[in-house]
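Asker: Quick one, fold the following:
(one chain, ligands or ions: 1)
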Amino acid sequence: MRVLVLGGGSVGTMFANRMRKAFSKDEVEIIVLERSEKHIYQPAFTLLVFDLEDQKNIIRPTKDLFFEGINLIIDEATKIDPQNNKVATKRHGEISYDYLVIATGATFNLDEPEGIKEGLEKGKNVFSFYDMEGALKLGKALKDIDGGTIVSSLCDLPIKCPAAPIKFILMAEDMMRARGIRDKFKFVLTSPLPQAFSREPYASKIDEICRRRGVEVVSNFSPGEVDHEKGVLRDYSGKEVEFDLLSLVPSLEGENVVQGSEDVGDAVGWVSCDKHHMVNRTFSNIYGIGDASDFPTSKTASGARKQAAILTERMKEIVRGEKPAATYDGHIICPILTRDKRVIFAEFNYTESISPSLESYVNWVVKVYMLRSLYFNLMLPGLV
Ligand SMILES: Cc1cc2nc3c(=O)[nH]c(=O)nc-3n(C[C@H](O)[C@H](O)[C@H](O)COP(=O)(O)OP(=O)(O)OC[C@H]3O[C@@H](n4cnc5c(N)ncnc54)[C@H](O)[C@@H]3O)c2cc1C
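Answerer: Purely as a prediction, here's the structure:
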């Protein structure tokens, strides 16, 4: 049996390594098709902004992360042919599969809102910390600014780690307080939702923290235009928020290869999957995991870890000739940095919230000092 994994980022690596441990090479051939030679630990981008992480610690060569016996091909998938169980690549021709696991993550849509591209390119007052370069630029801009309005906004949902814009604004407020210049700033957080966060009890807690710390929350706000020259963010209804420094998370969508392959994904390229079985709604030998899929839960590395483990269980059941029964319940954990030395862990699944809404120092230690090492040493090799 041949399993082809499209995308060797967080979830593709976790899944391929788990599969290699679960099966001998004679039982299952595992091919990973990944276009990038570098693997970057994305959850650290928020930490980079505030000098809580060093960029050299978060990049590893892709090839070093896979167990022996996994055939890693560095190339780009250009089209999926699900009728004939084949994937076309840029340089390696077509690769056939028995099972296809789509783990291609998400990409930015910079076509909307109007002005986002120009604002980011100018790099004077509009930033996005959703890639490494942007995180470093935003960190520098924060150090240089000594007064004005700092706005944290997101264009649309879903985004990776939906709490990240909240972490940014609360940490920025805390930073200016520590610098003794808090009174020279106004802080604004916008959200397309009626509250800053989607789930209780975390949503009420974040609203309470924002109120207490003087961070204005503008809800039901979906940016339609970024005017970097005037320093104004407008939503589709004409509501305006002024800024001197804007941190903006662009809209995300599925990768081109999914968008361009018929019946695999939805209109914006998320792989259409059953939210429990992770199997594609049209093709029973295609699975979607990680950010690439359309699961109605937050796009996080913690969710990716669970999905990789459960899909491996399903593959074991398939190879044993059983009807696969292992299911994903939507479980994720999202660490929300609220100030120096304090983090709330929002842990929930499709149906219930699991962790208390507690700002804790222990959570800070786990998030800031332990998770990167856990990720590279235990999560990617599929040991936890
Ligand atoms: C700012 C920020 C903060 C975050 N904070 C947290 C956090 O605190 N906790 C948490 O759990 N998660 C967090 N996340 C989310 C987490 O990083 C992602 O959910 C996780 O990395 C998703 O893994 P993935 O494998 O689905 O996607 P990725 O890791 O992005 O991997 C997708 C891979 O597919 C490859 N690919 C795409 N298209 C093709 C193609 N056509 N051919 C070949 N290869 C292709 C890409 O090169 C990439 O390597 C954060 C993310 C960001 C950006």
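Asker: which bits of the protein sit near the ligand?
Answerer: For the chain, the residues found near the ligand under the criterion CB under 6 Å from any ligand atom are 6-12, 33-36, 42-43, 45-46, 76-77, 103-105, 129-130, 160-161, 164, 255, 257, 290-292, 299-302, 304, 334-335. All C-beta atoms are positioned from the backbone trio N, CA, C, and that covers glycine.
Asker: again, only this time at 5 Å
Answerer: Within the chain, the positions near the ligand by CB under 5 Å from any ligand atom are 7, 9-11, 34-36, 42-43, 45, 76-77, 104-105, 130, 160-161, 164, 255, 257, 290-291, 299-302, 304, 335.
Asker: Just the buried ones from these, in ChimeraX syntax?
Answerer: Here is the ChimeraX command that selects only those of the residues of the chain next to the ligand that count as buried (16 or more other CB atoms under 10 Å):
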select :7,9,10,11,34,35,42,43,45,76,77,104,105,130,160,161,164,255,257,290,291,299,300,301,302,304,335
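Asker: Tell me which of the residues of the chain next to the ligand fall in helices.
Answerer: Of these, the ones assigned to helices by DSSP state H are 10, 11, 45, 164, 257, 301, 302, 304.
Asker: so how far is residue 141 from the fifth one?
Answerer: Residue 257 sits 34 Å away from residue 141, going by CB to CB, to the nearest Å.
Asker: if we look at stretch 18-31, which residues are touching it?
Answerer: Contacts of stretch 18-31 with the rest of the structure, by CB atoms under 8 Å, 6 or more residues apart in numbering, involve 1-5, 16, 66-71, 73, 95, 97, 308-309, 312, 315-316, 319, 382.
Asker: do stretch 221-234 as well
Answerer: So stretch 221-234 is contacted by 112-116, 118-119, 122, 124-126, 149, 151, 153, 155-156, 190-192, 235-236, 239-244, 246, 248 (CB under 8 Å, 6+ apart).
Asker: With stretch 252-259 instead?
Answerer: Outside stretch 252-259, the residues touching it (CB under 8 Å, 6+ apart) are 6-7, 76-80, 102, 104-109, 156, 158-160, 264-266, 268-271, 291-292, 299.
Asker: and residue 185, what does it touch?
Answerer: Contacts of residue 185 (CB under 8 Å, 6+ apart): 147, 148, 149, 150, 173, 176.
Asker: Throw those into CSV and include neighbour count and secondary structure, thanks.
Answerer: Shown next, in CSV, are those (neighbours: other CB atoms under 10 Å; DSSP: H, G, I helix; E, B strand; the rest coil):
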residue, neighbour count, secondary structure
147, 12, coil
148, 15, strand
149, 16, strand
150, 25, strand
173, 23, helix
176, 19, helix
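Asker: For residue 282, state which of the residues you listed is nearest.
Answerer: Using CB to CB, the shortest approach to residue 282 within these belongs to residue 150, at 45.1 Å.
Asker: Tell me who's in contact with the spatially closest residue to that closest one that is not a sequence neighbour.
Answerer: Leaving aside its sequence neighbours, residue 150 sits nearest to residue 245 (CB to CB, 6 or more residues apart in numbering; 4.9 Å). Residue 245 makes contact with 125, 127, 141, 142, 145, 148, 149, 150, 151, according to CB under 8 Å, 6+ apart.
Asker: Just put the residues you listed in JSON lines and tack on pLDDT.
Answerer: Putting the contacts of residue 245 into JSON lines (pLDDT from 0 to 100) gives the following:
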{"residue": "125", "pLDDT": "98"}
{"residue": "127", "pLDDT": "98"}
{"residue": "141", "pLDDT": "98"}
{"residue": "142", "pLDDT": "98"}
{"residue": "145", "pLDDT": "98"}
{"residue": "148", "pLDDT": "98"}
{"residue": "149", "pLDDT": "98"}
{"residue": "150", "pLDDT": "99"}
{"residue": "151", "pLDDT": "98"}
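Asker: quick check: domain ranges of the protein?
Answerer: Taking automatic domain parsing as the criterion, the chain consists of the domains 2-48+59-105+255-319, 110-252.
Asker: I'd guessed residue 80 sits against residue 87; true?
Answerer: Yes - in this structure, residue 80 is within contact of residue 87 by CB atoms under 8 Å, at 5.4 Å.
Asker: Relative to the ligand, which residue of the stretch 1-150 of the chain is the closest?
Answerer: Using CB to the nearest ligand atom, residue 9 is the residue of the stretch 1-150 of the chain that sits closest to the ligand, at 1.8 Å.
Asker: Phi, psi for that residue please.
Answerer: Comment: the main-chain dihedrals of residue 9 come out as phi -90, psi -140, following degrees, to the nearest 10.
Asker: Which residues are in contact with the residue lying closest to it once chain neighbours are set aside?
Answerer: The spatial neighbour of residue 9 that comes closest, neighbours along the chain excluded (CB to CB, 6+ apart), is residue 105 at 5.2 Å. By CB under 8 Å, 6+ apart, the contact set of residue 105 is 7, 9, 10, 255, 290, 291, 292.
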